[in-house]
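*Asks:* I would like the atomic coordinates for the input below:
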Amino acid sequence: MSARRAALPVLLVLPLLFLAAELVLRHHGLPYWLWFNLDPSYTYLVSGMRLAQGMPPVIVEHPGTPVQILVALLLHLSPAAGAESILWRASTVILLLDAAALWLLGWGIRRRFGALLPALLAQTAPFLTMLGLKFGIEVEPEPLLLFAVLLLGIGLTEEVVAPRAASLWLLAFAAGFGVAAKVTFAPLGLAPLFMIGGWRRRGFYVALAALWLGIWLVPEIPNLGRMIGWFAAVARDSGTYGTGPATVIDAARYPHNFIKLFFARPLFFVVFIAALAALAARRHERRALALAASPGERALLGILVAQLAQMLLVAKHPSAHYVLPALELSGPALAFIWLVLRETRPDRPVLLQRGFAAVLALIVLFQSAAFIRQDNEMQREGAGARSIDLARDFPSCAHVYDFMASAPAQAWFYNDDFGGRPYAAQLKARMPANDYFSVPWRPGVIRDWDGEVAPADLASRYPCIALRGIDAGRLRAIADRFGPVFAGAASCRAGSETILVAGAACPKS
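*Replies:* Residues are numbered from 1 along each chain as shown. Next comes the predicted model:
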């Protein structure tokens, strides 16, 4: 058996481990109506429903069209399936795409670099932060952004060794797809520009990326005005999501935000610094020999610039999961560090091999422990959220769900209301009549499927009232609207959620 064929089973190990890890986390973290899942998975479900019915989607902020198109397609293929079933299937499709792309990345690097170790290093991409695995179980852009990162790594590998039109098409598809999934992916599209030879080929790449982006954004054409207005406000204003003074950034907070993002994940900045060191060593070697920069060097430099650019962009209103593509791109970066150091020290292959094998072993060791912690957290949060069910434990009470609260009705109401209430009438007929809701864009207001409900009316109609949510302060504010009704109310805990009950006691364990 040839060495190349013998490597194929080895290259399946990390993709299969990735798939197994995600399925374990998902098993412990579902259903999707739990408070830590319902936003945005159910938002994408509502958007997909609208798209399947020929209406414009709800979401313009990401834009997120690849996720919405996938959900719409699954709804078309399985019109009788329930919400949780559709979301489960969408998640499964995304995870299978990620696993396949992860294998293809390893196979491509093994084929083009002629070694197994850099291929395995590149395949650590989804394991370098547990945040990626945590968000990977959701039906949202993040797990598809991993797919785009892996395609980008494949395209960079091909362009380094065998530049041709096909590699440009792949790089352009990855960039257009990634930006359509979430606009914060855009800085990663800079990476190919550093290694594509000639301005004509660079222009072709940019044009193709714009074409792919345009294709993916076709469902958003009716929302184009609203989308442009949203992104203009986000770009112009210094506050979160288009709020605050129109100074682009908050100069007082921006440096702190950037430093916090950059150094929050040790594996990221260690790989980043290692890449800088490898490039510096290679540059010193080249200057001594009067050589030009190699394609591998340019690719690694492009990756670093893209990662830094995404950090700078997200620092405007920081959120750790917004920089997941930059973190995951560290996997391919490790492979290109190996390539650059091989060019720098071709006389020390054994030392290079042992050093990077140790790096791979340390990643596996530390991230295995991190996965166990993440899975324990998922089990704890899931079990806690399910430990109290208002419908089961307080059947005669009025149930008031605030913002993030674990209940199927709340998952539907929160996301349907966010989308302009397109399905309120149908949902009213299917959901319990004693469920009521409060959403953050109408603070303190209690609503049912028809509109606002007075707290005094609920107090007069029900023998008890149960409030549930993740923010205890918000629940207290809602309770205050009932006047003396909640004086001496019972306070229960369901994992991270608080439940205040007037007129009844907390259920026994």
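*Asks:* Can you tell me the element the closest residue to residue 33 other than its chain neighbours falls in?
*Replies:* Closest residue to residue 33 apart from its sequence neighbours, by Cβ to Cβ, 6 or more residues apart in numbering: residue 411 at 3.9 Å. Every C-beta, even on glycine, is put in place using the N, C-alpha and C of the backbone. Per DSSP states H and E, residue 411 falls inside helix 408-418.
*Asks:* just residue 20 next, same as before
*Replies:* Judged by DSSP H and E, residue 20 forms part of helix 13-29.
*Asks:* just checking, what packs against that helix?
*Replies:* helix 83-113, helix 130-136, helix 349-386 (3 or more Cβ pairs under 8 Å, 6 or more residues apart in numbering; DSSP states H and E).
*Asks:* One more pass at 10 Å, please.
*Replies:* Here helix 13-29 touches helix 83-113, helix 117-122, helix 130-136, helix 349-386, going by 3 or more Cβ pairs under 10 Å, 6 or more residues apart in numbering; DSSP states H and E.
*Asks:* Enumerate the positions of it that are buried.
*Replies:* 14, 15, 17, 18, 19, 21, 22, 24, 25, 26, 28, 29 (16 or more other Cβ atoms under 10 Å).
*Asks:* what does stretch 501-509 give?
*Replies:* 501, 502, 503, 504, 506, 507.
*Asks:* I'd guessed residue 59 sits against residue 46; true?
*Replies:* Yes: at 8.7 Å, residue 59 and residue 46 qualify as touching, with contact defined as Cβ atoms under 10 Å.
*Asks:* Give me the domain ranges for the protein.
*Replies:* 3-379, 390-502 (automatic domain parsing).
*Asks:* need those domains in CSV with mean pLDDT, can you?
*Replies:* What follows is those, written out as CSV (pLDDT from 0 to 100):
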stretch, mean pLDDT
domain 3-379, 93
domain 390-502, 95
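*Asks:* tell me the centre residue of the protein?
*Replies:* residue 142 (2.2 Å; Cα atoms, centre = their mean).
*Asks:* For residue 107, see how far away the residue lying closest to residue 300 once chain neighbours are set aside is.
*Replies:* Nearest residue to residue 300 in three dimensions, chain neighbours excluded: residue 336, at 4.1 Å (Cβ to Cβ, 6+ apart). According to Cβ to Cβ, to the nearest Å, residue 336 and residue 107 sit 17 Å apart.
*Asks:* With residue 488 instead?
*Replies:* Residue 488 is 65 Å from residue 107, by Cβ to Cβ.
*Asks:* How about residue 42?
*Replies:* According to Cβ to Cβ, residue 42 and residue 107 sit 36 Å apart.
*Asks:* Please say which of the two ends up with more neighbours.
*Replies:* residue 42 (26 against 20; other Cβ atoms under 10 Å).
*Asks:* Helix or strand for the more buried one, just tell me which one.
*Replies:* Following DSSP H and E, one finds residue 42 within helix 38-52.
*Asks:* Check residue 491 too.
*Replies:* strand 490-494.
*Asks:* Listing partners with orientation, what would you give for that strand?
*Replies:* Next to strand 490-494 in the sheet, as set by DSSP bridges, lie strand 497-502 (antiparallel).
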